[in-house]
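>>> could you work out the structure for the sequence below:
(chains A and B)
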There are 2 protein chains.
Amino acid sequence: MNYCSQCGQPVVFKIPPDDKLPRFVCESCGTIHYQNPRMVVGSVTEWTGKVLLCRRAIEPRRGYWTLPAGFMENEETLEACAQREAREEALADIEVGSLLTVINVPHASQVHLFYRARLVGGGFGVGHESLDAALYTQAEVPWDDLAFPSVEFTLQRYFADRAEGREDAHVTTVERLWRGSR
Amino acid sequence: MNYCSQCGQPVVFKIPPDDKLPRFVCESCGTIHYQNPRMVVGSVTEWTGKVLLCRRAIEPRRGYWTLPAGFMENEETLEACAQREAREEALADIEVGSLLTVINVPHASQVHLFYRARLVGGGFGVGHESLDAALYTQAEVPWDDLAFPSVEFTLQRYFADRAEGREDAHVTTVERLWRGSR
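Alright, predicted model coming up:
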């Protein structure tokens, strides 16, 4: 951030009065520009015992497999976001169920949230941000070619809970955004 | 938003190519300024069976009671945010436990998340954003003077789960940010 989005004057990076962290502050109009973490929301969508995965057509992690998920929009609910992302990335109509995982990704200033979901009607396809989309059994999941640690954690918890007939919400923190980028 | 925070030129509000929603777009440098929902994170902190509430010293809802909570910062985890807010608003040192509630507040473009927590040592006080802080039994909670519907929902679920010896995560959507502002 270089300029104030309110008045167009240059901003400075400093700790405002009564604050503890440095912010981008406009000394011309007084606006303090707070920056906050973003939510990435998605689903584990099941159909006939298989789960819906997409192969990413965009960076980061192009070519790797992921769950349909993306940045939450203003005025949206978590469930509506999961539904929209399934439609955009896998042309899938889903019925959103229970909350499955909540994952801190502090170094990327993100929180990832995944829901259990059911594919309505069984149809799906390849959205414009995907190279491929497919239904996989637990054994068929390309575990070594998953895009993100949050996706790996979510799929693990999903199958473990399903085996035990549970629907818990699991919270964790991952140290890296990208799987493999050590 | 009036000006591009990158280059300082005026922005326009339009749907970018390959997008579906209007964004603030800089036609000078090409930056698309996405705006996303923010997370408010807090805790139900217990000590000797009572829960810690704060009376708000700031708008909105000045004078009404709330749980210690606030906007999550970049590079922070949810748990660290809950801990920091308890320290700032109630001078309380807390041990964060399980996830209690996840609440969509779509009309405010917020998601509120609350954790169960334990007050370490029993000490607390009145932070600079609070007029008062106090420990209340379930019966003593000022139910009619709570600041936000998300706080009311969270306290209800907390006491209901405690009565049943459960620690579930509850997800809901509230239509209003402020309690009483119909």
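>>> low-scoring stretches of chain A, by residue?
Under the criterion pLDDT under 70, the flagged ranges of chain A are A:179-182.
>>> residues of the longest strand along it that come out buried?
Scanning chain A for the strand with the most residues, using DSSP state E, yields strand A:94-105. By neighbour count on 16 or more other CB atoms under 10 Å in any protein chain shown, the buried set for strand A:94-105 is A:94, A:96-97, A:99-105. C-beta: built from backbone N, CA, C; applies to glycine.
>>> break chain A into its domains for me.
Domain assignment for chain A, taken from automatic domain parsing, gives A:1-35, A:38-173.
>>> the shortest one and chain B in contact?
Yes - judged by CB under 8 Å from any CB of the partner chain, domain A:1-35 comes into contact with chain B through A:1-11, A:18, A:21, A:24, A:33-35.
>>> need the contact list for A:E73.
By CB atoms under 8 Å, 6 or more residues apart in numbering or on different chains, the contact list for A:E73 reads A:81, A:84, B:21, B:36-37.
>>> distance of it relative to A:L177?
Applying CB to CB, to the nearest Å, the value for A:E73 to A:L177 is 20 Å.
>>> quick check, central residue of chain A?
A:V40 (2.8 Å; CA atoms, centre = their mean).
>>> my guess is that one meets A:F114, correct?
No - the criterion here is CB atoms under 8 Å, and A:V40 misses it with A:F114 at 9.1 Å.
>>> so what sits against both of the two?
In contact with both A:V40 and A:F114: A:69, A:150, using CB under 8 Å, 6+ apart.
>>> coming back round to it: now that we have the contacts of A:E73, which of them are buried?
Using 16+ other CB under 10 Å as the burial test, the contacts of A:E73 include A:81, A:84, B:37 as buried.
>>> and the first one, which of the three is it?
Right, A:C81. When classified by DSSP: H, G, I helix; E, B strand; the rest coil, A:C81 comes out as helix.
>>> just the ones in helices from the contacts of A:E73, please.
Per DSSP state H, helices hold the following members of the contacts of A:E73: A:81, A:84.
>>> of all the contacts of A:E73, which comes closest to A:L119?
Distances from A:L119 to these, taken as CB to CB, are shortest for A:R84 (15.0 Å).
>>> do I have it right that that closest one meets A:T77?
No - assessed by CB under 8 Å, A:R84 is found out of contact with A:T77, at 10.2 Å.
>>> circling back: is chain B within reach of the longest strand of chain A?
Yes - using CB under 8 Å from any CB, strand A:94-105 reaches chain B at A:98-99, A:102, A:104.
>>> so which of those residues is the closest to chain B?
When the residues of strand A:94-105 next to chain B are compared for distance to chain B (CB to the nearest CB), A:N104 wins out at 4.1 Å.
>>> give the bridge partners for the closest one, please.
Bridge pairing for A:N104 (DSSP bridges) gives the partners A:V111, A:T173.
>>> helix, strand, or coil at A:G42?
A:G42 is classified as strand under three-state DSSP.
>>> residue contacts, it?
A:67-70, A:82, A:85-86, A:112-115.
>>> sorry, back to before: for the longest strand of chain A, name the packing helices and strands.
strand A:38-47, helix A:78-90, strand A:110-119, helix A:149-164, strand A:170-173, helix B:78-90, strand B:94-105 (3 or more CB pairs under 8 Å, 6 or more residues apart in numbering or on different chains; DSSP states H and E).
>>> if anything else comes up later, I'll come back, but that's it for now.
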